[in-house]
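K.L.:
quick one, structure for this:
(one chain, ligands or ions: 2)
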Amino acid sequence: MFYGAGMSLSQTHARIEPATDHAIALAGDMLRHGQLVAFPTETVYGLGADATDDRAVAAIYAAKGRPSFNPLIVHVADLDDCAALVRLDDRARQVMTRFWPGPLTLVLPRADNSPVSLLASAGLDTLAIRMPDHPVARAVIRAAGRPVAAPSANRSGAVSPTLAEHVAESLGDRVGLIVDGGPCRVGVESTVLDLSTPRPTLLRPGGVTAEQLEQALGEPLACPHQDPQAPKSPGMLASHYAPGLPVRLDAVSAAAGEALLGFGAMDATLNLSPAGDLEEAAANLFAFLRRLDDSRFTGIAVAPIPETGLGAAINDRLRRAASPRS
Ligand code: TXA
Ligand code: MG
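P.N.:
Ligands and ions are numbered 1, 2, ... in the order given. Predicted coordinates:
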């Protein structure tokens, strides 16, 4: 793999292993010994650590350069693993049965005596938990034999990884092992649904749509990210998922020097989905942003994306990519 000038040699030694039984056993071993392992999920690659080990969790924040007030998602392999970690009610059981394994994260009250590190939830009395729909992710968690805290496997604020190579480029030797499971099917992160509050609250749009959740729950979701007054998910910083180049939204054409990221039938530098398919667009989003984030261009212009279905999650990430950098 080629690294441009300015990257130190020490960043060139990420170990990428195909997801064989051997690699999965090694990943489990490393996690049990407090080391960081990146692995594929159906949404994006995660940077995993033993969620019950304070020092391992601290190593995630250090490797990502992430503000420590931003809590992490705890990943489990089986429904039975949840009861010791969080307090479940009927509403939680209902959506877990319907959408797990899958791209839905639930924020629930911590169980009394929950073994999960307080650092993983950044000191909150709630915990974000999810069961990923990727056989490699669940095999790695089972091999570790404990819940695995895992944010997206990129440096904080950067575009999330949907290929093992993206992880290596972003984290280098800050991660001990990258288990390679090929490209991520969904391509945008999980939906974060807060069920610790009386009204179910959508903290982050994602792979499961708000429409699907409202239908399953039989009630409308509260949406704090559309209401600037309401409290937000601690991780919902405005500038996030940001490429190096400026990003301009709702573009009908590229200005001189700009790359055009298209959607639907149009001429573009890269097209998220010429057929106008939102699932295809979500799966391509982060990889295409990375490919256009290149010094051949002066900026990235992005065609309008409909706000329906997965479009809400795509537009959420694009608005963050376009918002002023702090
Ligand atoms: O698809 C995904 O969710 C990926 C894969 C690896 O599973 N993970 C991921 O994690 O996107 P991360 O750390 O990049 O995003 C976690 C989100 C943040 O917005 C964070 O603020 C929110 O979940 N979150 C975590 N714990 C929370 C809590 N207790 N209360 C409210 N929000 C929480
Ligand atoms: Mg992230």
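
K.L.:
what confidence value was assigned to the residue at minimal distance from the centre of the chain?
P.N.:
The residue lying closest to the centre of the chain (Cα atoms, centre = their mean) is residue 189, at 3.8 Å. If you check residue 189, the pLDDT there is 96.

K.L.:
likewise residue 118?
P.N.:
89.

K.L.:
please enumerate the strands of the stretch 101-250 of the chain.
P.N.:
104-109, 126-130, 148-149, 177-180, 191-194, 201-204, 247-248 (DSSP state E, counting those that start in this stretch).

K.L.:
okay, those, which one's buried deepest?
P.N.:
Mean neighbours per residue, mean count of other Cβ atoms under 10 Å, is largest over these for strand 148-149, with a mean of 30. From N, CA and C alone the C-beta is placed, and that goes for glycine too.

K.L.:
now for it, which elements pack on it?
P.N.:
Contacts defined by 3 or more Cβ pairs under 8 Å, 6 or more residues apart in numbering; DSSP states H and E place strand 148-149 against strand 46-50, helix 54-64, strand 73-75.

K.L.:
so what are the sheet partners of that strand and their directions?
P.N.:
strand 46-50 (antiparallel), strand 73-75 (antiparallel) (DSSP bridges).

K.L.:
nearest to ligand 1 among the ones you listed would be which one?
P.N.:
Taking Cβ to the nearest ligand atom as the criterion, ligand 1 comes closest to strand 46-50 out of these, the separation being 3.0 Å.

K.L.:
number of nearby residues for residue 208?
P.N.:
23 (other Cβ atoms under 10 Å).

K.L.:
doesn't residue 28 fall inside a helix?
P.N.:
Yes. Assigned with DSSP: H, G, I helix; E, B strand; the rest coil, residue 28 falls within a helix.

K.L.:
re earlier: out of the strands paired with strand 148-149, deepest packed?
P.N.:
That would be strand 46-50, which, of the strands paired with strand 148-149, has the most neighbours on average (mean count of other Cβ under 10 Å), namely a mean of 29.

K.L.:
could you check the angle strand 126-130 makes with that strand?
P.N.:
On the basis of axes from the mean of the first three to the mean of the last three Cα atoms, to 10 degrees, strand 46-50 is oriented at 120 degrees to strand 126-130.

K.L.:
now strand 46-50 against helix 54-64, angle please.
P.N.:
Using the same axes, to 10 degrees: strand 46-50 against helix 54-64 is 160 degrees.

K.L.:
show me the contact partners of strand 46-50.
P.N.:
27, 31-32, 34-40, 56-57, 59-60, 63-64, 75, 132, 137, 140, 144, 146-154, 167, 171, 175 (Cβ atoms under 8 Å, 6 or more residues apart in numbering).

K.L.:
mean confidence for it?
P.N.:
For strand 46-50, mean pLDDT rounds to 98.

K.L.:
helices along the stretch 51-200 of the chain, start to end?
P.N.:
Secondary structure of the stretch 51-200 of the chain (DSSP state H, counting those that start in this stretch): helices at 54-64, 90-99, 135-144, 164-171.

K.L.:
compare the ones you listed and say which comes out lowest on pLDDT.
P.N.:
Taking the mean pLDDT of the helices of the stretch 51-200 of the chain, helix 54-64 comes last: a mean of 91.

K.L.:
in PDB, list the C-alpha atoms belonging to it.
P.N.:
Extracted C-alpha coordinates of helix 54-64, given in PDB (Å, rounded to 0.1, in the frame of the first residue of the first chain):
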ATOM      1  CA  ASP A  54     -11.200   0.400  30.900                       C
ATOM      2  CA  ARG A  55      -7.700   0.500  29.400                       C
ATOM      3  CA  ALA A  56      -8.700  -1.100  26.200                       C
ATOM      4  CA  VAL A  57     -11.600   1.300  25.800                       C
ATOM      5  CA  ALA A  58      -9.300   4.200  26.500                       C
ATOM      6  CA  ALA A  59      -7.100   2.900  23.700                       C
ATOM      7  CA  ILE A  60     -10.000   3.300  21.300                       C
ATOM      8  CA  TYR A  61     -10.300   7.000  22.100                       C
ATOM      9  CA  ALA A  62      -6.600   7.500  21.800                       C
ATOM     10  CA  ALA A  63      -6.300   5.700  18.400                       C
ATOM     11  CA  LYS A  64      -9.300   7.700  17.000                       C
END
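
K.L.:
mind giving me the packing neighbours of it?
P.N.:
With contacts taken as 3+ Cβ pairs under 8 Å, 6+ apart, helix 54-64 sits against strand 46-50, strand 148-149.

K.L.:
got these as a markdown table, with distance to residue 256 columns?
P.N.:
Formatted as a markdown table, those follow (distance: least, Cβ to Cβ, whole Å):
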| stretch | distance to residue 256 |
| --- | --- |
| strand 46-50 | 38 |
| strand 148-149 | 45 |
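
K.L.:
so what's the closest residue to residue 96 other than its chain neighbours up against?
P.N.:
Closest residue to residue 96 apart from its sequence neighbours, by Cβ to Cβ, 6 or more residues apart in numbering: residue 79 at 6.5 Å. Residue 79 makes contacts with 96, 100, 131, as judged by Cβ under 8 Å, 6+ apart.

K.L.:
perfect, I'm done here.
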